[in-house]
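Asker: this one's sequence-less:
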């Protein structure tokens, strides 16, 4: 077991959080959130990886042979699909905010008003 995937995960997550905290644009925030989510891919793949293991195809391997966990890979694929859908939805919302207000800077947007 190596420490490198865990360090890469922490580095990607830190870069994404830094981008979210320091950003002045919704599109940049969405991109930074996507970077944070990509750290989960590395984390899940590093959890499911086993050194000196084969693919989870068992008709060629004798019983008891070490293999990589296929459930983790399925979770990563699901995470990628959900992440792409959420990113697309957030970008559409940012586009609508830009069309309605003329800016994607959160500091320049006025608060929503309640109507009675």
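Answerer: That came in fine, so what should we check first? Computed from a predicted structure; not experimentally measured.
Asker: show me the helices in this protein, by range?
Answerer: 4-22, 26-48, 70-101 (DSSP state H).
Asker: mind listing what's buried along the shortest one?
Answerer: For helix 4-22, a neighbour-count test (16 or more other CB atoms under 10 Å) marks 5, 9, 12-13, 16, 19-20 as buried. C-betas here are computed from N, CA, C, even on glycine.
Asker: let's have these in a markdown table, adding distance to residue 85.
Answerer: A markdown table is the format used below for those (distance: CB to CB, whole Å):
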| residue | distance to residue 85 |
| --- | --- |
| 5 | 26 |
| 9 | 22 |
| 12 | 20 |
| 13 | 21 |
| 16 | 18 |
| 19 | 21 |
| 20 | 19 |
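Asker: would TSV of those with distance to residue 98 and pLDDT be doable?
Answerer: Listed next are the buried residues of helix 4-22 as TSV, based on distance: CB to CB, whole Å; pLDDT from 0 to 100:
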residue	distance to residue 98	pLDDT
5	37	88
9	33	94
12	28	95
13	28	96
16	22	95
19	19	95
20	19	95
